[in-house]
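Participant: A structural model of the following input is requested.
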Amino acid sequence: MLSPLHCPRPAHLASARAVQRPRKSALVVDDLAVNRLILGTILHKLGFEVLEAENGNQCVDVYSKAHRDIVCVFLDLQMPVADGWAATKGMRELDAARARSGSEQQLQVPVVVCTASCLDDLVEGGETVAQRALTLGANGAVVQAA
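Facilitator: Just a heads-up that it's a prediction; the model follows:
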């Protein structure tokens with residue numbers, strides 16, 4: 001009798017290293033190139049393909065084209081052209097339109113807003129930064145170094 005350490009591995013159970021998995025993408029959105037570089041480097045080392053955008057409009061554009069491959073979005077709130085609030089709203093509107101049309105069945109991509117502001121700071125409507133992020137459809141909020 002063979003011990004478990006010497007049992008031959010069935011052919012249909014390939015090792016994790018031998019299995020080719022489709023590469024998944026993370027979208028990093030920040031107007032500061034250094035912030036995109038730092039977070040992008042970390043995500044790349046974790047095995048993600050990193051997509052980048054410099055503002056909210058670019059974010060929604062990249063998201064609309066590559067949403068099938070994107071598994072998470074890290075989004076700065078304060079950017080020129082269109083901010084993170086507008087980008088979050090735009091991505092969730094795209095998700096809702098796809099769901100209504102029935103053209104695609106996909107889980108909602110997690111969006112994490114990144115801000116140099118305190119998450120307890122109040123924004124319009126008396127909500128905190130963290131509450132506003134969740135209201136617009138983000139899944140979480142983190143403070144980044146200023």
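Participant: when you work out contacts or count neighbours from here on, use the C-alpha atoms and nothing else.
Facilitator: Noted.
Participant: neighbours of residue 127, just the number please.
Facilitator: Residue 127 has 14 neighbouring residues, counting by other Cα atoms under 10 Å.
Participant: tell me how far it lies from residue 85.
Facilitator: 13 Å (Cα to Cα, to the nearest Å).
Participant: for the nearest residue to residue 49 once chain neighbours are set aside, give me its contacts.
Facilitator: Excluding its sequence neighbours, the residue lying closest to residue 49 (Cα to Cα, 6 or more residues apart in numbering) is residue 25, at 4.5 Å. Residue 25 sits next to 48-51, 69-72 when contact means Cα atoms under 8 Å, 6 or more residues apart in numbering.
Participant: what do you get for residue 55?
Facilitator: Counted by Cα under 8 Å, 6+ apart, residue 55 has contacts 29-31, 79-84.
Participant: if you set the cut-off to 10 Å instead, what comes out?
Facilitator: Listed by Cα atoms under 10 Å, 6 or more residues apart in numbering, the contact set of residue 55 reads 29-32, 75-84, 86-87.
Participant: which strands or helices does the lowest-mean-pLDDT helix or strand in the chain pack on?
Facilitator: Least confident helix or strand, the chain: helix 129-135 with a mean of 78, by mean pLDDT, DSSP states H and E. Contacts defined by 3 or more Cα pairs under 10 Å, 6 or more residues apart in numbering; DSSP states H and E place helix 129-135 against helix 84-101, strand 111-115, strand 140-143.
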